[in-house]
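Colleague: here is a sequence with its predicted model. Questions after.
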There are 2 protein chains.
Amino acid sequence: MRQSIMTTRSRRWFLRLGAAWSAALVACRSKTAPPGAEPRALGASVSAYGSRSRFNRAARLVNTNTRVPLEEAASFTPLRDTYGIITPSSLHFERHHAGVPEIDPATHTLTIHGLVDRPLAFTVDDLKRLPSVSRIHFLECSGNSLSEWRRPGESARSDVQRIHGLTSCSEWTGVPVSLLLRECSVDPKATWVLAEGADACKMTRSIPMKKMLDDALAVYAQNGEPLRPEQGYPLRLLLPGWEGNSNVKWLRRLKAMDQPAMSREETSKYTDLMPDGTARQFTFDMEAKSIITRPSGGDTLAGPGLYEITGIAWSGRGTIARVEITIDGGATWTPAELQTPVLPRAHTRFRWRWQWDGRDALIASRCTDDTGYTQPPLADLIAIRGRNSMYHNNGIQMWKVAADGTITNANRA
Amino acid sequence: MRQSIMTTRSRRWFLRLGAAWSAALVACRSKTAPPGAEPRALGASVSAYGSRSRFNRAARLVNTNTRVPLEEAASFTPLRDTYGIITPSSLHFERHHAGVPEIDPATHTLTIHGLVDRPLAFTVDDLKRLPSVSRIHFLECSGNSLSEWRRPGESARSDVQRIHGLTSCSEWTGVPVSLLLRECSVDPKATWVLAEGADACKMTRSIPMKKMLDDALAVYAQNGEPLRPEQGYPLRLLLPGWEGNSNVKWLRRLKAMDQPAMSREETSKYTDLMPDGTARQFTFDMEAKSIITRPSGGDTLAGPGLYEITGIAWSGRGTIARVEITIDGGATWTPAELQTPVLPRAHTRFRWRWQWDGRDALIASRCTDDTGYTQPPLADLIAIRGRNSMYHNNGIQMWKVAADGTITNANRA
């Protein structure tokens, strides 16, 4: 039964999908008459630097619930409304300790000194002339998902952006730090490197020399253009897979040392307080983690039918080997499809097709990386690490889908 | 001989690089005293949607040299000043035939009809609920590098943006067109699909059904966020590896047919006029191509020494297998390093270290894809295709480096 679009303008044109997807779509049927909008006027001209449509309003969630506004400044990536693995630079999460400095790249330098034979300073233009590397890597604040340590039961109304939005993924371009250190002839006694930022608080972290020689980059570009101001323009340290704070932004100084500096941010902050009152220090690796981003907390399903479940997985220790989905609160798990290419220390997009029967469901993802490590249930993490922790929550995120289609945070521990 | 940064502030801190890079860098030595800018005031706060630094002024080159401004509207990606493989969405090249329409996604639909059993119309929200795919692919206007067909000798002062800036690369997310067509139950007699845009000219191209079923996507997201208006917001067709024009933007209609429509854009335009007066039609594939983007035309090298030569290579037929560099006008070629991951139908970043001796040099790249095809010299292309061509110039781009360091377009044919 063939029909011509030119003569038929009833609602039956819409979404009469067959076996696979009709049930999924019938509930979100549009009321617009086909064939839809049809501009007849000439549109806007070309432009030197484009911007997004005014109809697209996805935004970072800005943290205003802070005692010290700039000291605790953060903004969260809208993970439900981002796609693929690249995070738009305008929506990359932020975490600053003294705000975003405005730096003229013509006056900025990176100085390398300390236990080296030949201390050197590099301008940004110098660095751009050196051998470069581009890599797609996630960055996650170790304080991401922090709320779920202490009050998982209390944040039922929270969403994926508010809970987990301190992770993003970009293509970074820069110079291997190993090349810069080699030019300085590092003293074999130097086992640590102090990295210092050019923000007003001079963010300072001690980084093991091994990491600096392994895969650290002095990065000047992000997603094809110079770094965004919030990401360290004109220069940042990138330590693939390591906690966000150690990837010092507005990088101005690297000092080779024979011990860590024991700076504020690696003693009173960014350490993990255990139940016995001791603190784990220098816990740099971001462990394997995954989240279902869509549908997720705050969404309402239109009714029983087929849905695509999608989300992201990543591991600071390597490459995602497997993501599994549960719809029964963790009793059974089924493999999800991974979008290729699956890259080391990068967000990996996963997808899974769900035939929702309309009854209560507890949905979650869990991932395994190529070291064999599997993302743990939140309760297992809390059993070992207690509830004093601020950082490094990589526990499984459980969402509850109620019979009326509403989705809420169902973490419990 | 160790020295303390705290007591030494002379220029010798700068760039006293050793064996490898000192010669390369000595000429661009900065005059700023180390350790550089040191903000002492709190910086800017977090923001909902970030923007770039005011010091970063890279821009698309807007084509104002047109007889019919909107009909010939184009803007060119600043290839020299982009990094890695992802093109920032704000700098993705543009080519419009009736300007950029402003479309409310709530009113936009995609209608599929013609030789199908069940014509359907989809809203954008419908499409977002269907199984999705994300892929990194280049898009190149088939008119890219057009100037080099007719007057390669006349554009000596041209640069890589002006000559080759109609190519860009993004991560695209959308729904396989094959899935949509399957839902419509396409008649086996349907061998072509007409794709129509919602711009005022209703851009119309006929696409072989085989491509639609193979890897075509109905795309709603680019680099992690909804498509930019210039790239077809809220919906475009993506035909991986095929000429830009056929990737219809603002996609509103797909009509299954048993022959091509012979629309304006596939007859009087976007065909290749051969020396004998006949025209090649439906030349969709963008053949393997590469360009050195930095250093390139308009740059001036600071003096003899080591330089990183970098650029991009891509093939509409598959994956880049090899890029080679010449510094002697094509007499000898040496392999360049390819940045991984090397993805099919995507820009591939290559790099090569050049010890410039300060004498005249003719530098170029050439690539080979995994079908075994090698990018030809421009003269070979012109020998076969003549000088009437407008489209599909994938010839080797030669740059001349003069003894004074200036770089110019050295194409000849």
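Modeller: Great, that's in hand.
Colleague: need the contact list for the residue of the stretch 201-350 of chain A found nearest chain B.
Modeller: Ranked by C-beta to the nearest C-beta, the top residue of the stretch 201-350 of chain A for proximity to chain B is residue A:221, at 3.7 Å. Where you see a C-beta, it was placed from the backbone N, CA and C, and this is true even at glycine. With contacts defined as C-beta atoms under 8 Å, 6 or more residues apart in numbering or on different chains, residue A:221 is in contact with A:134, A:172, A:173, A:174, A:227, B:83, B:84.
Colleague: so it is in which element?
Modeller: Counting by DSSP states H and E, the element that carries residue A:221 is strand A:217-222.
Colleague: residues in contact with the helix or strand following that strand?
Modeller: Beyond strand A:217-222 on the C-terminal side, the first helix or strand identified by DSSP H and E is strand A:225-226. If you take C-beta under 8 Å, 6+ apart as the criterion, strand A:225-226 is touched by A:89, A:105, A:220, A:233-234, B:52-53, B:56, B:58, B:81-83, B:88, B:90-91.
Colleague: swap the cut-off to 7 Å and go again
Modeller: With C-beta atoms under 7 Å, 6 or more residues apart in numbering or on different chains as the contact definition, strand A:225-226 has outside contacts at A:220, A:233, A:234, B:52, B:53, B:56, B:58, B:82, B:88, B:91.
Colleague: neighbour-wise, give me the winner out of the residues you listed.
Modeller: Among these, residue A:234 has the most neighbours (other C-beta atoms under 10 Å in any protein chain shown), with 29 neighbours.
Colleague: check it and give its pLDDT.
Modeller: Each residue has a pLDDT score; the one for residue A:234 is 98.
Colleague: leaving out chain neighbours, which residue sits closest to it?
Modeller: Sequence neighbours aside, residue A:105 is the residue nearest to residue A:234 in space, at 3.8 Å (criterion: C-beta to C-beta, 6 or more residues apart in numbering or on different chains).
Colleague: mind listing what the one you found touches?
Modeller: When the contact criterion is C-beta under 7 Å, 6+ apart, the partners of residue A:105 are A:124, A:234, B:55.
Colleague: so which of those sit within helices?
Modeller: Among the contacts of residue A:105, the subset assigned to helices under DSSP state H consists of residue A:124.
Colleague: tell me which of the contacts of residue A:105 is nearest to residue A:149?
Modeller: residue A:234 (35.6 Å; C-beta to C-beta).
Colleague: which residue ranges of chain A form helices?
Modeller: Ranges of helices within chain A are A:22-26, A:124-129, A:147-150, A:160-164, A:177-183, A:209-214, A:378-385, based on DSSP H.
Colleague: for the second one, what is the average pLDDT?
Modeller: Mean pLDDT, helix A:124-129: 94.
Colleague: and chain B, is it touching that?
Modeller: Yes: Helix A:124-129 is in contact with chain B by C-beta under 7 Å from any C-beta of the partner chain, via A:125, A:126, A:129.
Colleague: for residue A:364, name its beta-bridge partners.
Modeller: residue A:326 (DSSP bridges).
Colleague: ok, now which ones touch the residue lying closest to residue A:335 once chain neighbours are set aside?
Modeller: Take residue A:335 and drop its neighbours on the chain: the residue closest to it by C-beta to C-beta, 6+ apart is residue A:324, 5.6 Å away. The contact partners of residue A:324, by C-beta under 7 Å, 6+ apart, come to A:333, A:334, A:335, A:336, A:365, A:366.
Colleague: same deal with residue A:40?
Modeller: If a contact means C-beta under 7 Å, 6+ apart, then residue A:40 has residue B:200 as its contacts.
Colleague: quick one, grab the pLDDT at it.
Modeller: For residue A:40, the model assigns a pLDDT of 81.
Colleague: gap between it and residue A:58?
Modeller: Between residue A:40 and residue A:58 the computed distance is 29 Å (C-beta to C-beta, to the nearest Å).
Colleague: what do you get for residue A:283?
Modeller: With C-beta to C-beta as the criterion, residue A:283 and residue A:58 are 32 Å apart.
Colleague: which bits of the stretch 101-250 of chain A sit near chain B?
Modeller: For the stretch 101-250 of chain A, the contact set with chain B under C-beta under 7 Å from any C-beta comprises A:101-105, A:107-109, A:111, A:113, A:117-123, A:125-126, A:129-132, A:134, A:171, A:173, A:183, A:198-200, A:221, A:223-226, A:228-230, A:233.
Colleague: make it 6 Å
Modeller: Listed as neighbours of chain B in the stretch 101-250 of chain A under the rule C-beta under 6 Å from any C-beta of the partner chain: A:101, A:103-105, A:107-109, A:111, A:113, A:118-119, A:121, A:123, A:125-126, A:131, A:134, A:171, A:173, A:183, A:198, A:200, A:221, A:223-226, A:228-230, A:233.
Colleague: just the buried ones from those residues?
Modeller: Buried residues within those, counting neighbours by 16 or more other C-beta atoms under 10 Å in any protein chain shown: A:101, A:103, A:105, A:108-109, A:111, A:113, A:118-119, A:121, A:123, A:126, A:131, A:134, A:171, A:173, A:183, A:198, A:200, A:221, A:223-226, A:228-230, A:233.
Colleague: before we move on, back to that, can you put the contacts of strand A:225-226 in a markdown table and add distance to residue A:400?
Modeller: As requested, the contacts of strand A:225-226 are exported to a markdown table (distance: C-beta to C-beta, whole Å):
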| residue | distance to residue A:400 |
| --- | --- |
| A:220 | 44 |
| A:233 | 41 |
| A:234 | 45 |
| B:52 | 40 |
| B:53 | 43 |
| B:56 | 45 |
| B:58 | 47 |
| B:82 | 44 |
| B:88 | 39 |
| B:91 | 43 |
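Colleague: and for the nearest residue to residue A:405 once chain neighbours are set aside, the neighbour number?
Modeller: Setting aside the residues directly before and after it, residue A:405 is nearest to residue A:301 in space (C-beta to C-beta, 6+ apart), at 3.8 Å. Residue A:301 has 23 neighbours, counted by other C-beta under 10 Å.
Colleague: how far away is residue A:301 from residue A:183?
Modeller: 57 Å.
Colleague: ok, residue A:370 next?
Modeller: As defined by C-beta to C-beta, residue A:370 lies at a distance of 33 Å from residue A:183.
Colleague: for chain A, which spans come out with low pLDDT?
Modeller: Low-confidence segments of chain A, defined by pLDDT under 70: A:1-37, A:69, A:153.
Colleague: what's opposite the residue most central in space within it in the beta bridge?
Modeller: Note on chain A: the residue nearest the mean C-alpha position is residue A:167, at 1.9 Å, using C-alpha atoms, centre = their mean. Here residue A:167 shows beta-bridge partners residue A:140, assigned using DSSP bridges.
Colleague: now do the one 4 residues further on
Modeller: Following DSSP bridges, residue A:171 is listed with bridge partners residue A:136.
Colleague: go on, the one 4 residues further on?
Modeller: Listed beta-bridge partners, residue A:175: residue A:218 (assigned using DSSP bridges).
Colleague: near it, how many other residues are there?
Modeller: Residue A:175 is flanked by 24 other residues according to other C-beta under 10 Å.
Colleague: what's the neighbour count on residue A:172?
Modeller: Using other C-beta under 10 Å as the criterion, the residues surrounding residue A:172 number 25.
Colleague: over to residue A:404?
Modeller: The local packing count at residue A:404 equals 10, with neighbours defined by other C-beta under 10 Å.
Colleague: can you check residue A:405 too?
Modeller: Going by other C-beta under 10 Å, the residues that sit close to residue A:405 add up to 16.
Colleague: now it: how far from chain B?
Modeller: Computed with C-beta to the nearest C-beta, to the nearest Å, the distance linking residue A:405 and chain B is 13 Å.
Colleague: does residue A:72 touch residue A:66 like I think?
Modeller: Yes: the criterion here is C-beta atoms under 6 Å, and residue A:72 meets it with residue A:66 at 3.7 Å.
Colleague: the more surrounded of these two?
Modeller: residue A:72 (14 against 11).
Colleague: let me see the contact set for the more buried one.
Modeller: residue A:66 (C-beta atoms under 6 Å, 6 or more residues apart in numbering or on different chains).
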